[in-house]
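Asker: Sequence first, then the predicted structure, then my questions.
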Amino acid sequence: STLARVSASSPVQPLRPLAKGAMASVGTSALSRLGSRSWVQRPRLLPLLLPALCSSAHPEVFSGRAPKSTDVLFVLHDAGETFALQAPMRRLAAEGTAVLALVLGQPATDAIRCQGDFEGCDRLPSVSLLDFGVHVDILDGTDGRDQRLNRGQLAKVAKALAPRLVITGMNYQMQLQLGEAFRAEHGGKFAAFFDGLRMLGSDNDISSDLQLGFVQESDQVWIASPLLWPTGEAWGRNYAVVGHPTLEDWRTLSANHAAVAGARRAVYGESVAASGAPSLCWFGGYGPGYREALRTWCAAVKALAARTPQWKFALASHPGSNYKMVDIEILQEEGVLGLVAMAPANLPGKMVALASNLTVSQGSTGGVQSVFAGKPALYLDPAMVFNNSAVLGVMLGLIPVSASTEAAVLAVDRIAAGAWGVDATKLSKAEVPEDGTVAVVNAARHLLSADG
């Protein structure tokens, strides 16, 4: 678990517009897009990317007494929502909107405040529960989905801020509590952002009842594609399609050939970078069935490496907690630590993907992000707990699903026979807006306008 903490005593200020000369570096530039990171991004960045990412226009550590004058409050906890919503936060600020993040746990706390493993990024203004005198041992990931604040704690937080619009993820009961509480206290709007690139309500790690609660209580739910909205009267039609800001992040980075080449050298070595040998990356995860999935992939790696020794393999662990240690433990136990390179800690996970020919995972959002960036993906879920048929990339016929070592090897062979490519013509069927950052900002503007 993560104890919510305050890192300085200086009063926080919501992010305001930059000086006119600095405006170009926020929102529309490659810099701001690099600043919004997908859930598979690893902490510190490649030296090649550091000049762009370390020139923070807001270097202060934000914590302490929270201001009442916040227009938009982002309530963040999980990796997906945190990395997706950073670029919209910056764009809104650049346009004159006062924004603030309420960080509940990890990796949101460190990612937004650029501390710990995320040191060196572009800080955003934030507060934690401790800023309001609320002491809670925050549970992250699966363990924290149903964690709640008591009535007194909720009242303290709701009375301290008066946002006109609250934007939350849809992964924790505490986020739902806070969205409802702020609206009840001040009469503002409440939007819920669904960061999953799968059918809403289909995630094995997050109950459909919890996500249905967001649908029924928020003023609007934001999703990436109309294909992801479930049927059934209970779900209604109260949603807006806003795409996913991380998708343009991936596309922007994929065009940075120097950065991709540097990442390939950092992960796979100079010889692989020079030879162009095929390389396959496993996206780390956690939760039910994960250990079995990685062990099965290890068996596939042994088979593939014995047959085609020129192929190379890597693993990018999920950010936060001790997931990397679990990955290393499994690789050691399965005898493939010498075959699978652990991605450097200073390298974003999406860069590992872009530097590879294929991404493999139990059912990662990174797989969908990969195919939208032109990199093929494969899902391997022997326990069949991920309901991968509901993932956008699978629905589009772009991500094959396997449940055994043999099936995984066959799937890799088919992808290799297709020259490690993606049928881009299928992507248009998803009707995902081209620029998710702009779409999220426009959706926020609409609700702010409705609020008056």
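Answerer: Right, received. Where do you want to start?

Asker: what helices or strands is the helix or strand containing residue 212 leaning on?
Answerer: Using DSSP states H and E, residue 212 falls within helix 208-217. Other elements packing on helix 208-217 under the criterion 3 or more Cβ pairs under 8 Å, 6 or more residues apart in numbering; DSSP states H and E are helix 173-186, strand 189-193. For every residue, glycine as well, the C-beta is placed using N, CA and C.

Asker: helix, strand or coil for residue 314?
Answerer: strand (DSSP: H, G, I helix; E, B strand; the rest coil).

Asker: what's the pLDDT at it?
Answerer: Note for residue 314: predicted pLDDT of 96.

Asker: closest to residue 120 out of the helices and strands packed on helix 208-217?
Answerer: Proximity to residue 120 (Cβ to Cβ) singles out strand 189-193 among the helices and strands packed on helix 208-217, at 25.7 Å.

Asker: mind listing what the closest one pairs with, with the direction of each?
Answerer: Strand 189-193 has the following strand partners under DSSP bridges: strand 165-168 (parallel), strand 220-223 (parallel).

Asker: C-alpha coordinates for that strand, CSV please?
Answerer: Only the C-alpha atoms of strand 189-193 are listed here, as CSV (Å, rounded to 0.1, in the frame of the first residue of the first chain):
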residue,chain,number,x,y,z
LYS,A,189,-20.1,18.8,-13.0
PHE,A,190,-18.7,15.3,-12.7
ALA,A,191,-17.1,13.4,-15.6
ALA,A,192,-15.7,9.9,-15.5
PHE,A,193,-12.9,9.0,-17.9
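
Asker: the inter-axis angle of it versus helix 173-186?
Answerer: Per axes from the mean of the first three to the mean of the last three Cα atoms, to 10 degrees, the angle that strand 189-193 makes with helix 173-186 is 160 degrees.

Asker: Just name the most buried of the strands paired with strand 189-193.
Answerer: Sort the strands paired with strand 189-193 by mean neighbour count, taking mean count of other Cβ atoms under 10 Å, and strand 165-168 sits at the top with a mean of 29.

Asker: Contacts made by that one with the rest, please.
Answerer: With contacts defined as Cβ atoms under 8 Å, 6 or more residues apart in numbering, strand 165-168 is touched by 71-76, 81, 85, 175-176, 178-179, 182-183, 188-193, 214, 218, 444, 447-448, 451.

Asker: What subset of these is buried?
Answerer: 71-76, 81, 85, 175-176, 178-179, 182-183, 188-193, 214, 218, 444, 447-448 (16 or more other Cβ atoms under 10 Å).

Asker: Give me the nearest residue to residue 103, chain neighbours excluded.
Answerer: Spatial nearest neighbour of residue 103, excluding adjacent residues (Cβ to Cβ, 6 or more residues apart in numbering): residue 109 at 4.4 Å.

Asker: how close does the one you found get to residue 76?
Answerer: As judged by Cβ to Cβ, to the nearest Å, residue 109 and residue 76 stand 9 Å apart.

Asker: cool, residue 137 as well?
Answerer: Taking Cβ to Cβ, one finds residue 137 at 18 Å from residue 76.

Asker: Helices of the stretch 301-450 of the chain, start to end?
Answerer: 323-333, 349-354, 365-372, 392-395, 405-417, 436-451 (DSSP state H, counting those that start in this stretch).

Asker: So for residue 256, which of the helices and strands packed on helix 208-217 sits nearest?
Answerer: Across the helices and strands packed on helix 208-217, residue 256 has its closest neighbour in strand 189-193 (26.6 Å, Cβ to Cβ).

Asker: buried stuff in stretch 264-280?
Answerer: Counting neighbours by 16+ other Cβ under 10 Å, one finds that the buried residues in stretch 264-280 are 264, 266, 267, 268, 272, 273, 277, 278, 279, 280.

Asker: hmm, I was thinking of stretch 422-432
Answerer: By neighbour count on 16+ other Cβ under 10 Å, the buried set for stretch 422-432 is 422, 427, 430, 432.
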